[in-house]
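# Have a look; sequence and predicted model below, questions after that.
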Amino acid sequence: MRRLLSIIVCWATLALAPPYALAQEGGIPLDSQDPTHWVLPARPIPRSLNPFQLRTMKRQLGELVERVRAVVVLAQMQGQDRQVAGAVEALQFAETVLGQLDGWIAADQGELARSQWLQAQNLLWQNYPALAAQAKPEVRAMWLDRGTIVAARSEAGLVPIFDRMQAAGVNLVFLETVNAGYPIYPSRVAPAQNPLTRGWDPLAAAVKLAKERRMELHPWVWVFAVGNQRHNALLKQPAGYLGPVLTAYPEWANRDNRGNVIPPRQDKPFLDHGNPQAREYLLRLFEEIVTRYEVDGLHLDYIRYPFQSGGVHYGYGSASRQIYQQLTGIDPLTLSPGQPEWQHWTDWRTQQVTDFVTTLNQRLKRQRPDLILSTSVFAYSRPSRLYRLQQDWETWAVTGAVDMVVLMSYAEDTQGLQDWLKPAISVTAPVLFLPGIALMRTTPTAVLDQVQAVRNSGLGSGYVLFAMSHLNGSLEPLLQQPSAPLPHRQPFQNALQRYQAQEREWLFLAQQGQLTISDRQTLQQVTAALTQLSRHPSEAHWQAARSALQALERELDGWQHPQPWHTLTRIPTWRARLKTLQEWLLYGARVSLQMPATALSQPLPTLPRPRSVVTTPSPISERP
């Protein structure tokens with residue numbers, strides 16, 4: 001019944017709003033609880049279709065064909081034709097449907113178009129091939145959650161977990177290291193180690209196991225969220241326990257506009273983002289992790305304010321109120337969204353998070369220049385996200401304050417995932433964007449299709465699976481792949497290797513009569529430019545490589561295809577893959593050539609800026 005109600009609500013929302021708007025708002029009502037692990041529901045297919053919807057379905061089927069074909073072609077290049085025979089037959093039927101859809105639409109035969117479209121989709125899903133073995137550079141990451149770590153109980157218990165991840169092709173692990181204010185290791189900074197991991201050091205064990213398997217290990221840390229009421233029962237703590245940090249330092253607590261440390265319908269207390277002592281504590285804790293352990297990076301979670309909606313706003317810790325009052329003369333507790341000064345208050349809170357990310361990056365890189373700093377972020381549209389969460393990851397990206405932006409783009413189906421990715425696709429910055437793929441509330445085939453969708457997208461640097469606790473036996477064999485290089489290490493060499501793999505695919509299609517390349521000399525020019533850049537990195541060679549890729553992209557429209565509708569899906573897919581290579585060149589220019597991040601980024605769209613609100617200071621009132 002719950003699932004049926006979810007579908008009814010989702011369909012009612014779709015009738016009133018475009019799919020992209022639904023995804024950008026998370027598909028959730030404004031008064032919902034914190035959607036940390038929200039999975040965007042799959043959209044039902046309307047029974048009554050208009051011509052616009054039919055054309056959208058044609059594009060979606062064409063994209064699915066391209067994703068399946070990409071796996072099939074790679075398998076065929078490796079001589080595995082028998083393994084993908086069923087997929088080849090499904091592709092042939094789907095291509096026939098694609099060739100006839102326009103005629104059905106023109107003849108007003110919507111029901112026939114719908115039924116054939118559904119049949120083509122079902123055949124492709126039923127024959128979706130397992131991921132073909134490939135060693136192209138990409139990030140294949142896994143969030144290794146606290147519950148799985150605790151259940152392991154020892155290094156020996158972690159061994160089979162790391163073996164399973166290695167078999168699934170994982171080459172980077174986000175290990176949940178600080179959760180609800182508790183580190184899983186014996187810390188000299190934090191008030192207490194997680195009671196469920198006392199007696200051993202899971203972080204040290206994980207570092208050792210990852211190195212043995214040539215994986216990177218990035219500790220995953222909760223930043224401003226320092227407690228979790230759902231965990232209190234596991235730790236035999238009272239339901240209202242705020243965690244070890246706020247128990248030791250209650251003056252660091254943040255509050256909502258009603259005085260609550262934990263907002264209604266949520267379960268996590270947050271530190272006061274503007275409190276200097278609380279910020280310094282976090283900086284020291286994270287410095288301890290990256291200096292005591294041979295980790296390869298640090299992954300920030302809860303790097304934001306709590307989710308705010310339904311008239312509840314957050315950020316009214318005593319330190320923040322005092323600092324803001326000294327700056328503007330206004331107690332922020334007296335402000336409301338209808339006032340002109342509200343935008344300034346929102347902007348100030350957003351800046352607290354951005355300043356912390358920037359400071360942390362600078363302090364960690366002084367000690368560990370090769371350390372990778374990444375963040376787990378919401379994929380809402382920027383205006384909505386700044387209003388609800390004060391999380392401005394676009395600014396972190398264009399200023400080079402982080403190296404990777406990991407999108408919590410959880411969706412039941414690929415269309416939902418693609419909608420989540422749109423805000424990041426529009427950003428040009430010298431960082432790697434990694435979509436997150438949910439393993440819960442999805443089928444194994446849906447996961448495979450989302451992985452291939454990422455590979456076909458402009459955010460094709462890799463993917464992150466959420467989470468290890470949801471990896472099951474039916475999915476694991478389908479994910480098995482050989483190890484692959486990580487693009488953020490030696491980005492220019494990996495760009496060359498990724499391009500050469502793409503070129504081999506094009507030449508194979510041409511050999512099979514499925515593609516006519518107008519001028520192969522352009523392909524050779526790109527290879528030569530990327531080779532020169534990888535061997536002799538310089539700004540001049542970097543510019544030459546970018547120009548060669550741009551020239552190739554312009555020529556794609558002149559290539560010939562067996563079917564007219566191929567241009568609807570093939571060309572956008574190949575352009576998106578070239579965009580990923582350009583992203584790697586931007587990243588390499590920042591980290592290898594030391595070019596300024598802002599010079600490599602396109603300016604972000606201007607948002608309404610707050611007017612000056614400096615007035616005569618007034619006393620801070622008592623908190624409600």
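Ah, there it is.

# can you give me the helices in the stretch 101-250 of the chain?
All helices of the stretch 101-250 of the chain, identified by DSSP state H, counting those that start in this stretch, fall at 110-126, 146-152, 155-167, 202-212, 229-232, 244-248.

# With just CA atoms, put the last one into PDB.
Right, the one you point to is helix 244-248. What follows is helix 244-248, C-alpha atoms only, in PDB (Å, rounded to 0.1, in the frame of the first residue of the first chain):
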ATOM      1  CA  PRO A 244      29.900  12.800  22.700                       C
ATOM      2  CA  VAL A 245      31.000  16.100  21.300                       C
ATOM      3  CA  LEU A 246      28.000  18.200  22.400                       C
ATOM      4  CA  THR A 247      27.900  16.400  25.700                       C
ATOM      5  CA  ALA A 248      31.500  17.600  26.300                       C
END
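
# Quick check: next helix or strand after that helix?
Scanning forward in sequence from helix 244-248 by DSSP states H and E, the next helix or strand is helix 276-292.

# Count residues in the vicinity of residue 317, would you?
23 (other CB atoms under 10 Å). Bear in mind the C-beta positions are built from the backbone N, C-alpha and C, glycine included.

# Also residue 135?
13.

# so what's the backbone phi/psi at the closest residue to residue 567 other than its chain neighbours?
Leaving aside its sequence neighbours, residue 567 sits nearest to residue 561 (CB to CB, 6 or more residues apart in numbering; 6.3 Å). The phi and psi values for residue 561, taken as degrees, to the nearest 10, are phi -130, psi 150.

# Surely residue 561 and residue 518 touch.
No - taking contacts as CB atoms under 8 Å, residue 561 lies outside contact range of residue 518: 11.8 Å.

# right, and the helices of the stretch 101-250 of the chain - which one's nearest residue 326?
Of all the helices of the stretch 101-250 of the chain, helix 244-248 sits nearest to residue 326, with 24.2 Å by CB to CB.

# sorry, back to before: of residue 561 and residue 518, which one has the most company?
residue 561 (15 against 12).

# The host helix or strand of residue 299: partners in the sheet, and parallel or antiparallel?
Assigning secondary structure by DSSP H and E places residue 299 in strand 297-301. Applying DSSP bridges, strand 297-301 is found paired with strand 216-222 (parallel), strand 372-377 (parallel).

# For residue 76, find the nearest of those.
strand 216-222 (31.9 Å).

# Could you give the average pLDDT over that closest one?
Averaging pLDDT along strand 216-222 yields 98.

# ok, residues contacting that strand?
Residues from elsewhere that reach strand 216-222 (CB atoms under 8 Å, 6 or more residues apart in numbering): 143-144, 171-181, 203, 206-207, 210-211, 285-286, 289-290, 293, 295-302, 372, 374, 376, 486.

# what do you get if the cut-off is 7 Å, keeping everything else the same?
The contact list for strand 216-222, computed with CB atoms under 7 Å, 6 or more residues apart in numbering, reads 143, 171-180, 203, 206-207, 210, 286, 289, 295-302, 372, 374, 486.

# how does this structure divide up, domain by domain?
2-126, 141-160+170-469, 493-600 (automatic domain parsing).

# could you dump the ones you listed to CSV with distance to residue 606?
As requested, the domains of the chain are arranged in CSV below (distance: least, CB to CB, whole Å):
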stretch, distance to residue 606
domain 2-126, 19
domain 141-160+170-469, 11
domain 493-600, 16
